[in-house]
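# Predicted model, plus sequence, below.
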Amino acid sequence: MFARHASLPLRHLSAVASRGAALPKTKVLTLRMRQATAIRESPFAFASTSFQMSRLQSSSSDVVAPNDGANAKINFAAGADEATLMAALQDLLDSAGKGGRWTLIPSGQGLERGFRFKNFAKTWVSPEESHSAAYLLASPMIHITYTDFMTAVSLQCKLKNHHPEWSNVYNTTHICWTTHNPAGLSGKDVELAQLCDALARDFGEVVTTDNDSGGSGSGSLKQVTERVVRIAGDCCVPKKTGTTTTTT
Ligand SMILES: C[C@H](O)[C@H](O)[C@H]1CNC2=NC(N)=NC(=O)C2=N1
């Protein structure tokens, strides 16, 4: 969608960002540097007050994730707006039964899920950045051209000063959002999980019926990556079958 917006005057771009509209498909991003701050405004409003407030009657400890970290309970970061985040989590957590695809990590301090795309190019290919001739003038412009999910996510991370724990194998990315300081699940984690869902849709996430999007039940990136390799299937790594073959 941003590719379509790219031909629009810059004021349209900032309007898109500040209106709080769903994040557009960001393929070509042209910004005046001073307008980058407009993007910092959340493109997602957290749940409105009318949003499923009845579901909030239950305490956070009622929401459990059916992953290997059985019965994980939400562990919010100090200072988190728990009521607002609980409302947003109803749409994100698979355990809430509303189509969400995220699971709590076993500690309850974060959300995780896997994403799969058509190929590596849709998943992660370095963007090209160029500066217009106006770079030396008072109103410099940066042009960033990219076509992949992970770059789109990383730009949001930069804007929000929050980083993911993630791994990539070919066309699959596993992401965990957790806040390190203060430790726990924070508003930034929830907001970036929402952004990931929207960006994944825009970059053509391949949704499969096998259970490849749930929690890893592990805090170990190595284990996460091994799991992703197992389910990737269509990359250069042979799919593991569970049986071992020995050669003599
Ligand atoms: C100094 C800087 O603001 C902090 O280190 C930020 C950066 N990004 C972060 N990202 C995450 N995931 N957790 C943090 O606590 C965090 N802190």
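Cool, got the structure.
# Now do the same contact list for residue 185.
Residue 185 makes contact with 74-77, 80, 85, 108-111, 177-179, according to Cβ atoms under 8 Å, 6 or more residues apart in numbering. All C-beta atoms are positioned from the backbone trio N, CA, C, and that covers glycine.
# would a markdown table of these with secondary structure, distance to residue 142 and pLDDT be doable?
Compiled in a markdown table, the contacts of residue 185 are given as follows (DSSP: H, G, I helix; E, B strand; the rest coil; distance: Cβ to Cβ, whole Å; pLDDT from 0 to 100):
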| residue | secondary structure | distance to residue 142 | pLDDT |
| --- | --- | --- | --- |
| 74 | coil | 38 | 97 |
| 75 | coil | 38 | 98 |
| 76 | strand | 36 | 98 |
| 77 | coil | 32 | 98 |
| 80 | coil | 33 | 98 |
| 85 | helix | 33 | 98 |
| 108 | coil | 39 | 96 |
| 109 | coil | 35 | 96 |
| 110 | strand | 32 | 97 |
| 111 | strand | 31 | 97 |
| 177 | strand | 27 | 97 |
| 178 | strand | 30 | 97 |
| 179 | strand | 29 | 97 |
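# near the ligand too, which of those residues?
Applying Cβ under 6 Å from any ligand atom to the contacts of residue 185, one finds that residue 179 fall near the ligand.
# between the contacts of residue 185, which is closest to the ligand?
residue 179 (4.4 Å; Cβ to the nearest ligand atom).
# Show me what from the chain comes close to the ligand.
By the rule Cβ under 6 Å from any ligand atom, the part of the chain lying against the ligand is 161-163, 179-181.
# Show me how to select, in PyMOL, the buried members of these.
Applied in PyMOL, the following selects the buried portion of these according to 16 or more other Cβ atoms under 10 Å:
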select buried, resi 162+179
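# Export the residues of the chain next to the ligand to JSON lines and append columns for secondary structure.
Compiled in JSON lines, the residues of the chain next to the ligand are given as follows (DSSP: H, G, I helix; E, B strand; the rest coil):
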{"residue": "161", "secondary structure": "coil"}
{"residue": "162", "secondary structure": "coil"}
{"residue": "163", "secondary structure": "coil"}
{"residue": "179", "secondary structure": "strand"}
{"residue": "180", "secondary structure": "strand"}
{"residue": "181", "secondary structure": "coil"}
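# What ranges does the chain have for its strands?
With DSSP state E as the criterion, the chain has strands at 28-32, 64-65, 72-73, 103-104, 110-116, 128-131, 141-145, 165-169, 172-180, 183-184.
# ranking these by mean pLDDT, which is last?
Among the strands of the chain, strand 64-65 has the lowest mean pLDDT, at a mean of 38.
# quick one: the spatially closest residue to residue 152 that is not a sequence neighbour from residue 175, how far?
Counting by Cβ to Cβ, 6 or more residues apart in numbering, residue 199 is the residue found nearest to residue 152 once chain neighbours are left out, at 4.8 Å. Distance, residue 199 to residue 175, using Cβ to Cβ, to the nearest Å: 11 Å.
# rewinding a little: most surrounded residue in the contacts of residue 185?
Highest neighbour count within those, by other Cβ atoms under 10 Å: residue 110, with 30 neighbours.
# residue in the chain nearest to the ligand?
For the chain, Cβ to the nearest ligand atom, closest residue to the ligand: residue 180, 3.7 Å.
# What residues does that residue make contact with?
Residue 180 neighbours (Cβ under 8 Å, 6+ apart): none.
# Would you agree residue 173 is in contact with residue 152?
No: with contact defined as Cβ atoms under 8 Å, residue 173 does not count as touching residue 152 (11.2 Å).
# buried set for the longest helix along the chain?
The single longest helix within the chain, with elements called by DSSP state H, is helix 187-202. Neighbour counts over helix 187-202 (16+ other Cβ under 10 Å) mark 187-200, 202 as buried.
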